[in-house]
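Student: build me a structure from this.
(chains A and B)
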Amino acid sequence: MVTYLARRLPSAVLVLFLASLLIFAILRLVPGSPEETLAGADASPEQLAAVRADLGLDRPLVAQYLSWLGSLFRFDLGKSYIVGGSIGDLIAYGAQNTVVLAASALLIAVVYALVVSTASVIFRNRLLDAVVTVNNSIAAALPIFITGTLLVLVFGILWPILPSGGTPPDGFLTRPDIAAQYLILPAITLAIPAGAALTRFLVEALHTELRQPYVVTAQSIGVSRRRIVLAHALPNALPSVLTVLGLTVGGLLGGAVLVESIFVWPGLGLLTEEAINSRDYPLVQVLLVLSVAVFVVLQLLTDVAHAWLDPRIRLGGQA
Amino acid sequence: MSELVDRNVATPEASLPGGLADVRPGLVPETPADRDPRRGTEPLWRSLTHGRGLVGAVLVGIVVLLGALAPVLAPFAPDDQLDASFLLGPSSTHWLGTDDVNRDVLSRVLFGIRADLVIVFVAVPVGAILGSLIGLVAGIRGYTDVVAQRVFDVILAFPALVLAIALTAVLGPGVRAIVLVIVLAEIPVFGRLIRTSVLEVRELPYVEAAVVSGASIGWVLRKHVLPNSIEPLGVQLALSMSIAVFIEGAMSFLGIGVVPPTPSLGSILSDGNRYLETNPLFAVGPLVVVSLLTLGFLLISQAFAHARRL
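Tutor: Below you'll find the model as predicted:
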């Protein structure tokens, strides 16, 4: 296991390093000098000088890159020039909301996938199969911003039973019932593609398990189909689906950016949108590094989980 | 009970242990028909003449026609600001109503299709060609393979939206940035596809025999690799076009899409989203067209996947 990690880790670090170089380069490649970009076109020479000193723009590029990298590691991210406030606080606040949204969506997706796929395998019901097929097609054919818009239109406006955007006025903990109302539409929008992907893999894995000899044995001694699926096939099928979960979480975080924009949910996605539109490049840079880091870590975890579950990968030459 | 066993003794390919690993995330959802061992023997394009392929081709065809005929069909100019028409609902003059700056939504949607079609039919083929060339070279020469794989890894490590944000920050928003993002995102996809094809074909006994008999690399590529990879290429091309429409919309939602006042489906949808209560058709118009387009490309991709003769 340790040797596998030792083999896999360098490439993850390399990817992160190259990504950080590219992202660092953004501010230097944007037309105009960095301090003008940050302070605005009508900034006084004093303001420009202040920004310049603050960013250490008079130092060599390598030194600038290293100190930027250092500040990332210390999570001492400085202040945002345009959106305002400390970048660390902005990100902590956004991350909290994004995590609530993504975690709810993941929960919905996992529960949906478990229930629907086991039910469709146990009961072999045409109606259930049709539900699975239709949801898979919707998830594949309709981009997340389409399903989100449709949900707002139907449940927020034509038949207004749920708020069509924003966050609960009293926060998440004081009135959980109201918080749930605000959460439900964005979380379902985000859960649709994830739930469909998980269902697809789980059904596939369950069918693979049901072809194993031990299932025939279980049948021949009279174990019920429900018990075969739930007690035998499902536990064996779960590990292979677990490795897909990493990709699913990655997809959820990417989708969250769009969902937050549609539902005005003040998470990292909305912060990113705000930072881009106001050209707050230091904030954009930190957000980009953060998302690449999260993706690299997710991929690493997925590979490690895969290797842990499958000795052929752990011991073999090719991952 | 015996029924259970019979049902699950599936095709040989589906029962291979690698069956699950072959299902790539994001690729065409598998339907039972896809696992049918009886592959068709017809050329790829003919799958567009019946079933799913026909529906997909018709959907895409309708949208392409609407876009091509936009100057004829549109009742107004796309950026014409009309008098006293702020966010009107649908009427006989404005079928989809008007938007927040007094423009006719229907005309904007029709012209917006053009931006999306340019993005889809320029960016995806360019990315496919570049990616395929890199994949070819990587599959033939071992040392370039290592470099290409690492570069692909880095590009793939960037979620497409991160790539989009970074590039747009540098280039400025617009069609150019969107095209570049899609090209960059597609290069590793097609690169890997072709590289795998080359590596597979290289090991085939009859290809080894051809090489031993003195066949040149060009011959092997043309006669063996190309025919073997043209079908997966077609499937991926249609799928990537569906994704390209999605990327344009996603970038517009983030405010890094096509620059106003030029209309694009994603930007109209993103604007219309804010006025769902006043004029729902402002968003529903582009929404329907985007759905037709993504669904059409997806169906074509599924039809191709089903018709593969490999």
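
Student: what are the phi and psi values at B:Asp104?
Tutor: With angles defined as degrees, to the nearest 10, B:Asp104 sits at phi -80, psi 120.

Student: and for it, nearest residue in space, chain neighbours not counted?
Tutor: In this structure, B:Asp104 finds its nearest non-sequential neighbour in B:Phe76, 4.1 Å apart by C-beta to C-beta, 6 or more residues apart in numbering or on different chains. Just so you know, the C-beta spots here come from the backbone N, C-alpha and C atoms, and that holds for glycine as well.

Student: for B:Leu88, see how far away the one you found is.
Tutor: Relative to B:Leu88, B:Phe76 is positioned 13 Å away (criterion: C-beta to C-beta, to the nearest Å).

Student: give the contact list for the residue nearest to B:Asp104.
Tutor: B:82, B:103-104, B:107 (C-beta atoms under 8 Å, 6 or more residues apart in numbering or on different chains).

Student: ok, of those residues, which one's closest to A:Ser120?
Tutor: Checking the contacts of B:Phe76 against A:Ser120 with C-beta to C-beta, the nearest one is B:Ser107 at 45.8 Å.

Student: can I get the contacts of B:Phe76 in TSV with pLDDT and secondary structure?
Tutor: Shown next, in TSV, are the contacts of B:Phe76 (pLDDT from 0 to 100; DSSP: H, G, I helix; E, B strand; the rest coil):
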residue	pLDDT	secondary structure
B:Leu82	80	coil
B:Arg103	88	coil
B:Asp104	88	strand
B:Ser107	91	helix
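
Student: list only buried entries from the residues you listed.
Tutor: Burial by neighbour count, judged by 16 or more other C-beta atoms under 10 Å in any protein chain shown, picks out B:82, B:103-104, B:107 from the contacts of B:Phe76.

Student: and A:Ala187, how many residues sit next to it?
Tutor: Taking other C-beta atoms under 10 Å in any protein chain shown as the neighbour definition, A:Ala187 ends up with a count of 23.

Student: cool, and the one 10 residues further on?
Tutor: Other residues near A:Ala197 come to 24 when the count uses other C-beta under 10 Å.

Student: ok, the residue nearest to it when sequence neighbours are not counted - contacts?
Tutor: What sits nearest to A:Ala197 in space, not counting adjacent residues and going by C-beta to C-beta, 6+ apart, is A:Thr248, at 6.0 Å. Counting by C-beta under 8 Å, 6+ apart, A:Thr248 makes contact with A:106, A:109, A:194, A:197-198.

Student: re earlier: from the contacts of B:Phe76, which is closest to A:Ala50?
Tutor: Each of the contacts of B:Phe76 was checked against A:Ala50 using C-beta to C-beta; the closest is B:Arg103, at 43.0 Å.

Student: ok, that closest one touching B:Asp80?
Tutor: Yes. The pair formed by B:Arg103 and B:Asp80 meets the contact definition of C-beta atoms under 8 Å, at 6.3 Å.

Student: picking up where we left off before, SS state for the residue nearest to B:Asp104?
Tutor: coil (DSSP: H, G, I helix; E, B strand; the rest coil).

Student: now the one 10 residues further on
Tutor: Assigned by three-state DSSP, the conformation of B:Phe86 is coil.

Student: name all residues that make contact with it.
Tutor: If you count contacts by C-beta under 8 Å, 6+ apart, B:Phe86 has them with B:98, B:100, B:102.
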